[in-house]
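> Sequence first, predicted model second:
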Amino acid sequence: MKTYKVGIIPGTITEIGVEDPNITVTELFALAGLTIDSGHTIRRNGETISVDSTVGAMDTGTSFYASKKIKGN
C-alpha cells in the first residue's frame, strides 16, 4: 500500500492509503471524501495533470492538490 497526500487548496490535506495504482485522480479524491469540479486545476507534485490520469507507480508521499484560479483585480 502506498500513501498519498490529497487535498483541495485552500483546505485540509489528507493522507490516503491506496492499494490499486490504476485508480484515477477523481477516484483518489473521492477516497479522501473530496469532490473536484471542472473549475479545479489538479497538480501532482506541482505538475498539472488531468482528472482522468491514473495514480500509477507514484512514490509514497506524492502530493495531489486541486485548486481554483484566483480572479485578479
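That came in fine, so what should we check first? What you see is a predicted model, and the numbers here were worked out from it, not measured in a lab. Numbers count the residues shown, from 1 in each chain.

> Name the residues that touch the lengthiest strand in the chain?
Longest strand in the chain, counting residues (DSSP state E): strand 2-9. By Cβ atoms under 8 Å, 6 or more residues apart in numbering, the surrounding residues in contact with strand 2-9 are 13-18, 21, 28-29, 31-32, 34, 36, 40, 55, 58-67. For every residue, glycine as well, the C-beta is placed using N, CA and C.

> make it 10 Å
Identification of contacts with strand 2-9 by Cβ atoms under 10 Å, 6 or more residues apart in numbering yields 12-21, 25, 28-37, 40-45, 55, 57-68.

> got it, and stretch 14-29?
So stretch 14-29 is contacted by 1-8, 30-36, 40, 42, 44, 49-58, 60-61, 64-66 (Cβ under 10 Å, 6+ apart).

> Narrow the contacts of strand 2-9 to those in strands?
Short answer: the contacts of strand 2-9 in strands (DSSP E) are 13-18, 40-44, 63-68.

> Who are the contact partners of Lys68?
Taking Cβ under 10 Å, 6+ apart as the contact definition, Lys68 lies against 8-10, 36-37, 39-41.

> Could you pick out the buried ones from these?
Neighbour-count burial (16 or more other Cβ atoms under 10 Å) applied to the contacts of Lys68 gives 8, 36, 40.

> and the contacts of strand 2-9, which are buried?
16, 18, 25, 28-29, 32, 34, 36, 40, 42, 44, 55, 58, 62, 64-67.

> if we can go back for a sec, widest-spaced pair of the contacts of Lys68?
Within these, two members stand farthest from each other by Cβ to Cβ: Pro10 and Asp37, at 15.7 Å.

> What pLDDT is listed against the spatially most central residue of the chain?
With distances taken as Cα atoms, centre = their mean, the chain has Phe64 as the residue nearest its mean C-alpha position (3.2 Å). Per-residue pLDDT puts Phe64 at 94.

> Tell me who's in contact with it.
Per Cβ under 10 Å, 6+ apart, neighbours of Phe64: 4-7, 13, 16, 25, 28-29, 32, 34, 36, 42-45, 49, 53, 55, 58.

> can you check Val51 too?
Residues near Val51 by Cβ under 10 Å, 6+ apart: 24-29, 36-38, 40-42, 66.
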